[in-house]
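Chemist: What shape does this take:
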Amino acid sequence: MTLVNDAAPAVRSTGRKFRAFTAKHLDELTARAGLSPEQQLATRAVATVLPFRTNAYVVDELIDWSAAPDDPIYRLVFPQPDMLPARDVAHLSDLLRREAPKAEVEAAAHAVRMRLNPHPAGQLELNVPSFGDGKIPGMQHKYDETVLYFPKQGQTCHAYCTYCFRWAQFVGEADLKMAGDDVTALRDYLVSHPEVTSVLFTGGDAMIMGEPVLRRYIEPLLDLEQLESIRIGTKSLAYWPQKFVTDPDADAMLRLFEQVVESGKNLAFMAHFSHPRELEPLMVTEACRRIRDTGAVIRTQAPLIRTINDDPAAWESMWRTQTRMGLVPYYMFVERDTGPQDYFAVPLGRAYEIFRDAYKNVSGLSRTVRGPSMSATPGKVCVDGVVDLLGEKVFALHFIQCRDAELVGRPFFAKYDPDAVWLDDLKPAFADRFPFEK
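Modeler: The predicted structure is shown next:
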């Protein structure tokens, strides 16, 4: 099979071998950001609870070190001392300062994690289906037509976002991790559920896997006529675009993408871009071009995050740039109710203003984007606006997706609350309960 983009562009020569930075490099890197020894200690304390990992591309190409630690990309990947309650940071810092035994530090970190709602929206209680003699590890089935699968080898990333709602996947606690590697069970489940038309490989990041491993998960699904699309949730285009240009298996990976498209499936890249700067490197442009040339569609999404992209100009810039690059703006999410949500969350009223102020300045081609959207327990809830009805100020809402498909697209209302950051903070308007409440 010959790729339409086999001719190597000049940008390929800028590729280099992947190099990861982990918690053991924090002091070296945070010193570069000008943090004092006490601030460095507090950063390491936070990193005992929440995962830290980045790489040389992010460090050298994306972070503006002259603006650190306030630089948005720095804040995107480096733990912040005030992401956790001060008393927890002080306790963990004291343990690190006196070089307490590893087991004592881990026990203290675990206690903090359990207060951070590691698995929101009923992921383990409501989303994991029973099948055959039990449950299929690494699978979630929340909406009728879509199955999520967490490949065992894809449960890490090229770098971790500080606000990641999947943070529990990366902290080394087996009871918190979702992962599976039984492709036969996945296929059998799909065959027994013909209503499923789409499979989303998620994590972690499926694109951390090499082509032969990813192929083992995807190839057995290509002859299933019921499947209309295969989706890959990934941050790799922002954090390691070399994956599709200069990595040793880049061409083989693109041939796999072509094979998916040739099988009659829509291959959708759910690309996570959090800030306009992530779109600037030429390597990203080339990676996107090569992926699109296989016939795959790249859709873009990210949450709205305080101190990183809580500015309409940032979203307008991202949507305009993505449209020029042939990408499809897809979602603006609300920060989920997990991890350091209190630190990163933007009130829903302000989130709607940011979305509206960016949306009104882009062309119709960019207005494929939806949001601000909450992936809550009952489904994906979109904030459509703040309006005055019958003398009352309310949020207008609707379900983009829902466990109860009958509620999709039906408007409902919540009393306006300037401090609300999540669905659970809202109270119904003009009714004694929300439509999804029994």
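Chemist: okay, CA-based contacts and neighbour counts for the rest of this
Modeler: OK.
Chemist: Tell me which residues of stretch 372-387 come out buried.
Modeler: The neighbour-count check on stretch 372-387 (16 or more other C-alpha atoms under 10 Å) flags 372-386 as buried.
Chemist: cool, stretch 195-208 as well?
Modeler: 196-208.
Chemist: got those as a markdown table, with distance to Y217 columns?
Modeler: Output for these, formatted as a markdown table (distance: C-alpha to C-alpha, whole Å):
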| residue | distance to Y217 |
| --- | --- |
| V196 | 17 |
| T197 | 16 |
| S198 | 14 |
| V199 | 11 |
| L200 | 11 |
| F201 | 9 |
| T202 | 12 |
| G203 | 14 |
| G204 | 15 |
| D205 | 14 |
| A206 | 10 |
| M207 | 12 |
| I208 | 14 |
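Chemist: where's the dip in pLDDT among those residues?
Modeler: Across the buried residues of stretch 195-208, the member with the lowest pLDDT is G203, scoring 85.
Chemist: what does the lowest-mean-pLDDT helix or strand in the chain rub up against?
Modeler: Across the helices and strands of the chain, the lowest-confidence element by mean pLDDT, DSSP states H and E is strand 130-131, at a mean of 82. Strand 130-131 is touched from outside by 136, 189, with contacts defined as C-alpha atoms under 8 Å, 6 or more residues apart in numbering.
Chemist: If we use 10 Å, what do you get?
Modeler: Contacts of strand 130-131 with the rest of the structure, by C-alpha atoms under 10 Å, 6 or more residues apart in numbering, involve 136-137, 139, 141, 185, 188-189, 192.
Chemist: Narrow these to those that are buried.
Modeler: A residue is treated as buried here by neighbour count (16+ other C-alpha under 10 Å); on that basis the buried members of the contacts of strand 130-131 are 136-137, 139, 141, 185, 189.
Chemist: tell me which of those residues is nearest to V362?
Modeler: Taking C-alpha to C-alpha as the measure, H141 is the one of the buried ones among the contacts of strand 130-131 closest to V362, at 34.5 Å.
Chemist: any idea which element the closest one lies in?
Modeler: Element membership of H141, judged by DSSP states H and E, is strand 139-143.
Chemist: list the helices and strands that strand packs on?
Modeler: The contact analysis (3 or more C-alpha pairs under 10 Å, 6 or more residues apart in numbering; DSSP states H and E) places strand 139-143 against strand 146-149, helix 183-192, strand 198-201, strand 392-402.
Chemist: Kindly indicate whether A108 is helix, strand or coil.
Modeler: Look at A108: counting by DSSP: H, G, I helix; E, B strand; the rest coil, its state is helix.
Chemist: residues near it, how many?
Modeler: Here the number of neighbours of A108 (other C-alpha atoms under 10 Å) works out to 16.
Chemist: what residue ranges in this protein score low on pLDDT?
Modeler: Counting by pLDDT under 70, the chain contains low-confidence ranges at 1-16, 119-125, 167, 171, 175.
Chemist: coming back round to it: so which of the helices and strands packed on strand 139-143 gets nearest V105?
Modeler: In this view, the helices and strands packed on strand 139-143 are compared for proximity to V105 by C-alpha to C-alpha, and strand 146-149 is the closest at 32.3 Å.
Chemist: Please tell me I have it right and E316 contacts A358.
Modeler: Yes. Contact between E316 and A358 holds when scored by C-alpha atoms under 10 Å: they sit 4.8 Å apart.
Chemist: Beta-bridge partners for the closest residue to L407 other than its chain neighbours, please?
Modeler: In space, and not counting its chain neighbours, L407 is closest to F399: 6.6 Å by C-alpha to C-alpha, 6 or more residues apart in numbering. For F399, the residues forming beta bridges with it (DSSP bridges) are V381, V408.
Chemist: Tell me which residues touch F399, please.
Modeler: The neighbours of F399, taking C-alpha under 10 Å, 6+ apart as the test, are 373-375, 378-383, 405-412, 436.
Chemist: give me phi/psi at L304?
Modeler: In terms of degrees, to the nearest 10, the main-chain angles of L304 are phi -80, psi 120.
Chemist: ok, now how distant is it from S373?
Modeler: With distances taken as C-alpha to C-alpha, to the nearest Å, L304 is found 10 Å from S373.
Chemist: P303 now?
Modeler: When C-alpha to C-alpha is the yardstick, P303 and S373 sit 9 Å from each other.
Chemist: where do the contact lists of the two overlap?
Modeler: Listed as contacting both P303 and S373 by C-alpha under 10 Å, 6+ apart are 331-336.
Chemist: ok, K17 touching P241?
Modeler: No. At 12.0 Å, K17 and P241 do not qualify as touching, with contact defined as C-alpha under 10 Å.
Chemist: So between those two, which is more surrounded?
Modeler: Set side by side, K17 and P241 show more neighbours around P241, with 22 against 11, by other C-alpha under 10 Å.
Chemist: I'd like the distance between the more buried one and V284.
Modeler: Using C-alpha to C-alpha, we find P241 at a distance of 5 Å from V284.
Chemist: contacting residues for F78?
Modeler: With the criterion set at C-alpha under 10 Å, 6+ apart, F78 makes contact with 23, 26, 29-30, 43-44, 46-47, 51-54, 69, 72, 160-162.
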